[in-house]
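# let me see the structure of the following:
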Amino acid sequence: MAVTYTPAAERDRRRERRRAIRVGRADVVLLAVSSVAALAIGLAYSGRLRAFELSERERARTSVQIVNLNTVAAPTDVEPLMGLLFANAADQRVAARELFQFLIAGGDNRRALPNVGAILRARRTTETRPLFTSADLATLKPFAVVRTRGEFRRQVLLFGALYILAFQAVGLVWHLRGVEGDRLLLAAAHLLTAIGFAILLSRSDPLRDIPLFVRYTEGILIGLSLLTALSLVDFRTTGFLELSYIPLIGALFLCVLVILFGYGPGTSNAKVNLGPLQPIEAIRLLLACFLSGYFARRWEVLRVARGTAIRTLQLPRWMNVPRGEYVLPVLVGVATALLFFFLQRDLGPALFLTCVFLAVYAVARSRIGMAVIGFALLVSGFYVGYRLNVSHTLAERVRMWQSPWDNAVPGGDQVAHAVWALATGGPFGSGLGLGDVQYLPAGHTDLILAAVGEELGAVGLIGVALAYGALTWRGFRIARAAPNDYGFFLATALALFLIIPVLIMAGGVLGVIPLTGVVTPFLSYGGSAMAANFAALGMLSSIHADRRAAGDFQPFRAPMRWLGGALAVCTLPLMVMLIDVQVVHADDYLVKPHLGVQADGGRRYEYNPRVLDVVRRMPRGTVYDRQGFPLATDDSAVVERSRSAYQKLGVPIAESCPNPTERCYPLGGRAFHLLGDVRTRVNWTATNTSYAERDAEDTFNPPQLSRARAAGAPPTRANASRGRRVRSSDARPASHDRRGAAASSRVDPCQLRREIRRQGRSRRHRSRLRSVARQCELPLADVVFVCRFTARPRAIRTLSTGIDVQVGDGVGGASPGS
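The predicted structure follows:
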């Protein structure tokens, strides 16, 4: 009878495999997060469609039918759209024929448009001039689509299901392979990407724009594939430690490629992109591998070897300074980062790469002195670069940071837009899919945290902070349990590469530091960053799966404790600033104006577009001339009363005001240069105009309004200086003076504020809100939004002054017959 036995190592492997296959609490957490992700996607989809239906209801008031550009069968199908741009029928036919040729790509194969904006690529057949301008696109876009609601719903279901199942597939692979991967890390990333998916789903127009969540999901699928593959790699082999300079060579090679062939986003002179990729994401992983190998071999020498002199200068015994050859890595690292910054002309990558390097150096040496000196040198280098104007982008970002509410930087309103979004969200947010995140510039990349704050509020951002805190905690815990020094430093560096960009971007969004182009891990839109972040999680999971006895963590206990405390100290003021913006002073920030450069080069005040949307949807007053004729009105009764008088003057109101639901301008284009057109807002921001309708909105600026009232001047100084006798009211004047000028009166339009304060104080009574909506002829969503101002006295007071204003009280003007 033969005797068989199993080696101890094999028994250990079988035991670990059985433990890995067993379903534990971490699997339940991952499944629960998947349920939350499905709920978030469903809420975002429902909210986005609800907001979309409200906007479509307004478009339905016009007689133009919506056209699906991807199903057009003949040029005649798009001729109604061309009627919005060209008055001549022949021009409409020519433009429709050229657009149809572009749609069918000059042959039988139809061109599938990803968004309506793709028609800007259409060119005339005999010229290189574009067929449509940006202004034409803005006119056509509300009446053109590229997909149906059914197609959009199928996209959401398909990519939402792929996204959720992919995370569960990773856990299944770990079970089948007997790998004890860190499912809490996976669950934290799952939660963050679920929030990112929901925000990107609600950002774009579902029928007209490119669905951002599609590429976002593709990046997640690629990243999860990398995570699964790297989690099966054994990083305890000596090759990773001995060949750590190979990743450094690879990182330097990618840096050279970026500097030589890279280009920036848009018109920026920064060198970030290399084709469809951003090499900085691969560079940080390669540097993490190099730093881990370097410090794993030298951390003991860095602590023991002390320098006693700098050349001939003797140092005091109490000064713990490493030898010159060990200070060299810090100097070379900072110098390389500054050189990379000067050549790449981008602040973000150099900043967070150097911060990670200095943090790992401080942990390795268990001293912070050289790290602080290195950081001071880095900041000094950035300051010198700013003063020398090495990077135009850096100079603009610094000026925007120095004065976020008043600057002359083109596009310098990014911080203002971020703060407006956060203040609009308030403590609990507007709800997934119900926010106006499309107003955020770069709201899917740089300002993604502001978009989250708008839809989920301060509570949602605190939840995001807790998720990032869980990632960092698990990363440091994996480092503490690593079987060797290489695993410890690698896990520490990877955890820092995941948390430091979040702190940098949060500080930039809140205006604490200059805004940079660093990607927010797992939230921002971008395939390269998503793949690199999940690759980092895969490496952490591989270190976690190594069940050998943990190494001696005692030498690193104190520095890791200090590192965690430093991260907490950096997070605390950001949280205080967040509460101040979203809770304590949300009213002030909500209506705070931004003075900056507009598209035409002029400097004017800009306001929170969300508040202006509410202002524009409120019933406006009637503008009368000195004879009492209405020049602009929302009241159909006013139009009917003046119909006969205008007919005597030869003005057919039926042609000027065909749609009773829109604002009526009886004189049409003849009074355009006096009034403007609030419906189309053509030339609304031109510096050489002073439209009465636009100037009425300018009184929304609280400081300007208070100064004008204190001085006794009319709110619209431009109209008064031109001697216009035009005033605004929502009721026909009750009396006239001897010269025929209407007596001044100010009536609250539809008594909206009074009704909201009286009936809309309790949001639970939806029926009361509906009665306000019916009385004021406003969509229910607008009334609910305005109800939020009832708890904000300053905001509602400012909002009311922007509506109930007198356009002018000077003498002189023009009558309808002139």
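
# the host helix or strand of V94: which residues count as buried?
Using DSSP states H and E, V94 maps to helix 89-103. Residues of helix 89-103 classed as buried: 92, 94-103 (neighbour count, 16 or more other CB atoms under 10 Å). Using the backbone N, CA and C atoms, a C-beta is placed for each residue, glycine as well.

# ok, the closest residue in space to R203 that isn't next to it in sequence - contacts?
Counting by CB to CB, 6 or more residues apart in numbering, the nearest residue to R203 once its immediate chain neighbours are dropped is V437, at 5.0 Å. With contacts defined as CB atoms under 8 Å, 6 or more residues apart in numbering, the neighbours of V437 are 199, 202-203, 421, 443, 451, 454-455.

# how about 7 Å then?
If a contact means CB atoms under 7 Å, 6 or more residues apart in numbering, then V437 has 199, 202-203, 443, 451, 454-455 as its contacts.

# E693 now?
Residues in contact with E693, defined by CB under 7 Å, 6+ apart, are 632, 675-676, 678.

# elements contacting the helix or strand that contains A188?
For A188, the enclosing helix or strand under DSSP H and E is helix 183-203. With contacts taken as 3 or more CB pairs under 7 Å, 6 or more residues apart in numbering; DSSP states H and E, helix 183-203 sits against helix 25-59, helix 149-177, helix 212-231, helix 448-480, helix 527-545.

# what about that helix, average pLDDT?
Computed over helix 183-203, the mean pLDDT rounds to 93.

# again, but for stretch 453-468
For stretch 453-468, mean pLDDT is 94.

# buried residues, it. List them.
Within stretch 453-468, the residues that qualify as buried by neighbour count (16+ other CB under 10 Å) are 453-461, 463-465, 467-468.

# same check on stretch 577-590?
Neighbour-count burial for stretch 577-590 [16+ other CB under 10 Å]: 577-579, 581-582, 586-590.

# okay, how far is it across it, tip to tip?
Its first and final residues considered, stretch 577-590 spans 15 Å by CA to CA, to the nearest Å.

# contact partners of that stretch?
419-420, 422-427, 453, 457-458, 461, 510, 512, 608, 611, 792, 794-795.

# what are the ranges of the strands in this protein?
Listed in chain order, the strands of the chain (DSSP state E) span 67-68, 144-145, 306-307, 309-310, 313-314, 321-322, 594-597, 603-606, 622-624, 630-632, 727-729.

# quick one on the thing from earlier: any chance of the contacts of E693 in TSV, with pLDDT and neighbour count too?
As requested, the contacts of E693 are exported to TSV (pLDDT from 0 to 100; neighbours: other CB atoms under 10 Å):
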residue	pLDDT	neighbour count
A632	89	26
L675	88	20
G676	88	24
V678	83	19
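
# from those, which single one is nearest N115?
Proximity of the contacts of E693 to N115 was ranked by CB to CB; the top entry is V678 with 27.5 Å.

# now do the contacts for the closest one.
Under the criterion of CB under 7 Å, 6+ apart, the contact partners of V678 comprise 663, 693.

# look up how far L252 lies from it.
In this structure, V678 and L252 are 58 Å apart, going by CB to CB, to the nearest Å.

# in this protein, what secondary structure element scores lowest on mean pLDDT?
The least trusted helix or strand in the chain, going by mean pLDDT, DSSP states H and E, turns out to be helix 717-721, with a mean of 34.

# sorry, back to before: ok, so of the contacts of V437, who is nearest N688?
Sorting these by how near they are to N688, with CB to CB, puts G443 at the top with 32.2 Å.

# ok so, going back, check the offset of the helix holding A188 from the chain's centre.
Here the centre of helix 183-203 is set off from its chain's centre by 15 Å, with CA atoms, centre = their mean, to the nearest Å.

# compute the inter-axis angle for it and helix 25-59.
Put simply, helix 183-203 runs at 0 degrees to helix 25-59, going by axes from the mean of the first three to the mean of the last three CA atoms, to 10 degrees.

# may I have helix 183-203 as CSV, with CA atoms only?
What follows is helix 183-203, C-alpha atoms only, in CSV (Å, rounded to 0.1, in the frame of the first residue of the first chain):
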residue,chain,number,x,y,z
ARG,A,183,-13.2,43.9,-3.0
LEU,A,184,-13.5,47.0,-0.8
LEU,A,185,-11.1,48.8,-3.2
LEU,A,186,-13.3,47.6,-6.0
ALA,A,187,-16.5,48.7,-4.3
ALA,A,188,-15.1,52.2,-3.6
ALA,A,189,-14.2,52.6,-7.3
HIS,A,190,-17.6,51.2,-8.3
LEU,A,191,-19.4,53.8,-6.2
LEU,A,192,-17.3,56.7,-7.7
THR,A,193,-17.7,55.5,-11.3
ALA,A,194,-21.5,55.1,-10.7
ILE,A,195,-21.6,58.8,-9.7
GLY,A,196,-19.5,59.7,-12.7
PHE,A,197,-21.8,57.7,-15.0
ALA,A,198,-24.9,59.4,-13.6
ILE,A,199,-23.4,62.9,-13.9
LEU,A,200,-22.3,62.3,-17.5
LEU,A,201,-25.6,60.9,-18.4
SER,A,202,-27.4,64.1,-17.3
ARG,A,203,-24.9,66.5,-18.8
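
# where does the prediction get shaky in the stretch 51-200 of the chain?
Per-residue confidence of the stretch 51-200 of the chain (counting by pLDDT under 70) places the weak regions at 55, 57-63, 106-109, 124-128.

# run through who's touching the helix holding V94.
In this structure, residues lying in contact with helix 89-103 by CB under 7 Å, 6+ apart are 69, 72, 74-75, 78-79, 82-83, 85-86, 110-111, 119, 122, 124-125, 131.

# between the buried residues of helix 89-103, which is nearest D27?
Comparing every one of the buried residues of helix 89-103 with D27 (CB to CB), the shortest separation belongs to L103, at 49.9 Å.

# per-residue confidence at the spatially most central residue of the chain?
Per CA atoms, centre = their mean, the C-alpha nearest to the average position across the chain is that of G443, at 1.5 Å. Here, the pLDDT recorded for G443 equals 87.

# ok, it - contacts?
In this structure, G443 makes contact with 203, 437, 450-451, judged by CB under 7 Å, 6+ apart.

# grab the nearest non-local neighbour of D209.
For D209, the closest residue by CB to CB, 6+ apart turns out to be N115, at 4.9 Å.

# residues contacting L595?
For L595, the contacting residues are 405-406, 603, 605, taking CB under 7 Å, 6+ apart as the criterion.

# and V512, how many neighbours?
The number of residues packed near V512 is 16, by other CB atoms under 10 Å.

# I meant M505, not that one.
By the other CB under 10 Å criterion, the neighbourhood of M505 contains 28 residues.

# surely it touches L523?
No - at 9.1 Å, M505 and L523 do not qualify as touching, with contact defined as CB atoms under 7 Å.

# now intersect the buried residues of stretch 577-590 with the helices, please.
577-579, 586-590 (DSSP state H).
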